[in-house]
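K.L.:
Got a predicted structure here, sequence first:
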Amino acid sequence: MSKNDVTCEIPGRPTDAIENSSTNNVNCEIPGRPTDPFRDLNDFVPQWRAGDGKPFAGKLPKVNTALKNIDRESAVMLTLPKAFFAIAGEEVCIGLDNLFVLHDKKRAEVKVSSPVGKVEGKWWRFTPDAPGRFPVKVEVCDLAGRTLGCAETELIVSAPDAGNEQNITMMMIGDSLLSGAVAAKELFRRMKEHGNKNFRLIGSHSGGGRPLELDKEAVEAYGGWRWATFQEKWDAESTAYNSKSKFIRFQEDGSKVLDFQAYLDKYNQGAAPDIILFFLGCNDIAGAMAHQFDDMLMDSINYRKKMLAHIRSVAPEALIGLVTLPPANSRDAAYLENYKGVVVRQQYMFNQMGYIQQLMGEYQDDPDYSIIPLYLGIDSDADYPENNAVHPTPEGYCKFGKCFEAWVKSLF
């Protein structure tokens with residue numbers, strides 16, 4: 001996949017060339033289940049084979065609720081997760097510039113205290129040789145040595161073969177950062193490479209509207225979509241695969257309702273997935289100016305709560321992970337080229353960190369949810385092309401997949 005295979009969308013105005021391509025207008029649903037007259041059903045969902053492993057028995061990783069991971073008095077919005085994840089034998093990194101907001105980060109010094117790892121330039125790096133848990137403390141200072149913020153986190157390292165003996169089904173729900181299924185493909189590849197022969201992804205397409213295939217990547221993700229889109233999107237005039245939310249069902253009186261169970265009936269033989277990953281929020285807040293951010297964030301929160309409550313009611317045993325927004329491109333020119341001034345880098349950095357802080361503050365201590373801190377390990381220079389503000393290079397997407405796998409391994 002080349003750098004330019006994914007286009008950018010201004011929040012609320014999706015312009016994804018791949019997803020609107022006439023060659024990709026495919027809906028992968030089972031005809032007649034249910035018989036909705038507005039749906040163009042021209043392909044079949046594969047009948048997934050049951051795994052031959054043990055029943056799924058994962059659980060969300062416990063976090064240290066006493067950790068002070070967000071310095072809310074910090075002038076630079078210093079933000080760490082309460083836990084981040086790695087796999088034994090593989091390097092894990094923290095991009096120190098990703099942890100705080102400052103117009104000129106060269107005017108700050110970041111110090112890391114931990115019994116493991118070392119700082120190399122703008123990165124903290126560590127290659128664990130065995131599973132375990134390790135504390136990490138971060139302090140941001142100005143050039144005069146005065147503390148601007150202090151926060152702490154914990155690294156959770158899992159074995160590469162964790163969960164190999166179990167059947168695992170996973171669903172990934174998101175926007176254009178998932179819709180091409182590049183991250184899903186990498187996650188699937190890595191899980192198989194590490195011996196998880198009974199790992200399966202479920203969704204309605206395998207990226208960009210491509211039909212589903214057995215033992216391949218699958219996602220439920222669309223360019224430009226927000227938390228609200230999954231609950232409201234219904235273009236009766238279009239047969240494009242991304243024209244209608246597959247979580248919506250019409251009642252006899254013509255009203256729309258969320259019906260995740262109907263979705264599962266079509267795409268997973270009625271069974272709930274063991275793991276559900278949500279990667280949404282970018283389109284909710286990316287275009288917010290400073291005076292709009294609070295209102296747009298609250299709107300996103302309300303839709304998020306409604307959707308999570310519905311999904312949880314249908315799949316009460318599913319392990320749910322909430323992905324933080326990545327840092328995006330460090331180049332001002334990419335934002336100007338993509339958004340013509342509607343979205344600018346400094347404002348996006350503030351919005352991104354504000355969204356992360358709110359997400360963590362609401363869910364990081366909730367035993368029913370887990371935070372997946374994607375923003376830690378993404379390089380805002382090397383992992384983004386020069387001409388794309390929020391969509392990374394193929395190598396960047398592969399880092400997404402690596403982060404997702406490390407989290408999945410922590411469930412066992």
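P.N.:
Structure's in. What do you need? Numbering: from 1, shown residues only.
K.L.:
okay, CA-based contacts and neighbour counts for the rest of this
P.N.:
Fine.
K.L.:
can I see the domain layout of the chain?
P.N.:
Recorded structural domains for the chain (assignment: automatic domain parsing) are 3-58+163-409, 84-158.
K.L.:
in the stretch 1-150 of the chain, what spans have low per-residue confidence?
P.N.:
Counting by pLDDT under 70, the stretch 1-150 of the chain contains low-confidence ranges at 1-44.
K.L.:
all strands of it, in order?
P.N.:
According to DSSP state E, counting those that start in this stretch, the stretch 1-150 of the chain carries its strands in the segments 84-87, 92-95, 108-113, 118-120, 123-126, 132-142, 147-158.
K.L.:
Can you say which of those strands is nearest to residue 53?
P.N.:
Smallest distance to residue 53 across the strands of the stretch 1-150 of the chain (CA to CA): 19.9 Å, for strand 147-158.
K.L.:
Check the average confidence over the helix or strand that the closest one is followed by, would you?
P.N.:
Once the chain leaves strand 147-158, the next helix or strand it forms, by DSSP states H and E, is strand 168-174. Averaging the model's pLDDT scores along strand 168-174 yields 98.
K.L.:
got the contact list for residue 80?
P.N.:
By CA atoms under 8 Å, 6 or more residues apart in numbering, the residues touching residue 80 are 69-70, 99, 151-153.
K.L.:
List buried members of the residues you listed by neighbour count.
P.N.:
69-70, 99, 151-153 (16 or more other CA atoms under 10 Å).
K.L.:
which among these gets closest to residue 347?
P.N.:
Closest approach between these and residue 347, by CA to CA: residue 99, at 15.6 Å.
K.L.:
The closest one and residue 80, how far apart?
P.N.:
From residue 99 across to residue 80, the span is 7 Å (CA to CA, to the nearest Å).
K.L.:
for stretch 132-142, the distance to its chain's centre please.
P.N.:
Using CA atoms, centre = their mean, to the nearest Å, the mean C-alpha position of stretch 132-142 is found 24 Å from that of the whole chain.
K.L.:
re earlier: need the domains of the chain in CSV (columns: distance to residue 65).
P.N.:
Converted to CSV, the domains of the chain look like this (distance: least, CA to CA, whole Å):
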stretch, distance to residue 65
domain 3-58+163-409, 6
domain 84-158, 10
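K.L.:
mind listing the helices for this protein?
P.N.:
For the chain, helices defined by DSSP state H occupy the ranges 176-179, 182-193, 229-232, 260-267, 282-285, 293-314, 332-339, 345-363, 394-409.
K.L.:
Could you list every helix and strand in contact with the third one?
P.N.:
Where contact means 3 or more CA pairs under 8 Å, 6 or more residues apart in numbering; DSSP states H and E, helix 229-232 is packed against strand 248-250.
K.L.:
mind running it again at 7 Å?
P.N.:
With contacts taken as 3 or more CA pairs under 7 Å, 6 or more residues apart in numbering; DSSP states H and E, helix 229-232 sits against no other helix or strand.
K.L.:
circling back to that earlier point, just so I know, which of the strands of the stretch 1-150 of the chain lies nearest residue 186?
P.N.:
Evaluated with CA to CA, the strands of the stretch 1-150 of the chain place strand 84-87 nearest to residue 186, the distance being 15.2 Å.
K.L.:
What pLDDT does the model give the nearest residue to residue 317 once chain neighbours are set aside?
P.N.:
With sequence-adjacent residues excluded and distances taken as CA to CA, 6 or more residues apart in numbering, residue 317 is closest to residue 274, at 7.3 Å. In the prediction, the pLDDT value recorded for residue 274 is 98.
K.L.:
What is the burial count for residue 274?
P.N.:
Neighbourhood size, residue 274 [other CA atoms under 10 Å]: 20.
K.L.:
Help me confirm that it comes into contact with residue 316.
P.N.:
No - at 9.9 Å, residue 274 and residue 316 do not qualify as touching, with contact defined as CA atoms under 7 Å.
K.L.:
Dig out what the most centrally placed residue in the chain forms beta bridges with.
P.N.:
The C-alpha lying nearest the average C-alpha coordinate of the chain belongs to residue 279 (CA atoms, centre = their mean; 2.9 Å). Per DSSP bridges, the residues bridged to residue 279 are residue 174.
K.L.:
if I look at it, how far off is residue 269?
P.N.:
If you measure residue 279 against residue 269 using CA to CA, the figure is 24 Å.
K.L.:
ok so, going back, quick one, phi/psi of the residue nearest to residue 317?
P.N.:
phi -70, psi -30 (degrees, to the nearest 10).
K.L.:
list the contacts for it?
P.N.:
Residue 274 is in contact with 168-170, 318-319, counting by CA atoms under 7 Å, 6 or more residues apart in numbering.
K.L.:
okay if I get those as TSV plus neighbour count?
P.N.:
As requested, the contacts of residue 274 are arranged in TSV below (neighbours: other CA atoms under 10 Å):
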residue	neighbour count
168	25
169	20
170	21
318	21
319	22
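K.L.:
before we move on, the earlier item: contacting residues around the residue nearest to the centre of the chain?
P.N.:
Going by CA under 7 Å, 6+ apart, residue 279 touches 173-174, 322-323.
K.L.:
Kindly report the same for residue 323.
P.N.:
Taking CA under 7 Å, 6+ apart, one finds 278-279, 371-374 in contact with residue 323.
K.L.:
Quick check: it vs residue 171, distance?
P.N.:
The span separating residue 323 from residue 171 equals 13 Å under the rule CA to CA.
K.L.:
again with residue 317
P.N.:
Distance, residue 317 to residue 171, using CA to CA: 14 Å.
K.L.:
which residue packs closest to residue 365, ignoring adjacent ones?
P.N.:
Counting by CA to CA, 6+ apart, residue 365 lies nearest to residue 65, which is 6.1 Å off, once chain neighbours are set aside.
K.L.:
The one you found - how many residues pack around it?
P.N.:
By other CA under 10 Å, the residues close to residue 65 number 12.
K.L.:
try residue 71
P.N.:
Residues within reach of residue 71, counting by other CA under 10 Å, total 18.
K.L.:
will you turn the strands of the stretch 1-150 of the chain into a markdown table that also has distance to residue 382?
P.N.:
Formatted as a markdown table, these follow (distance: least, CA to CA, whole Å):
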| stretch | distance to residue 382 |
| --- | --- |
| strand 84-87 | 21 |
| strand 92-95 | 12 |
| strand 108-113 | 20 |
| strand 118-120 | 16 |
| strand 123-126 | 13 |
| strand 132-142 | 23 |
| strand 147-158 | 24 |
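K.L.:
of all these, which lies closest to residue 340?
P.N.:
Nearest of the strands of the stretch 1-150 of the chain to residue 340, taken as CA to CA: strand 92-95 at 28.0 Å.
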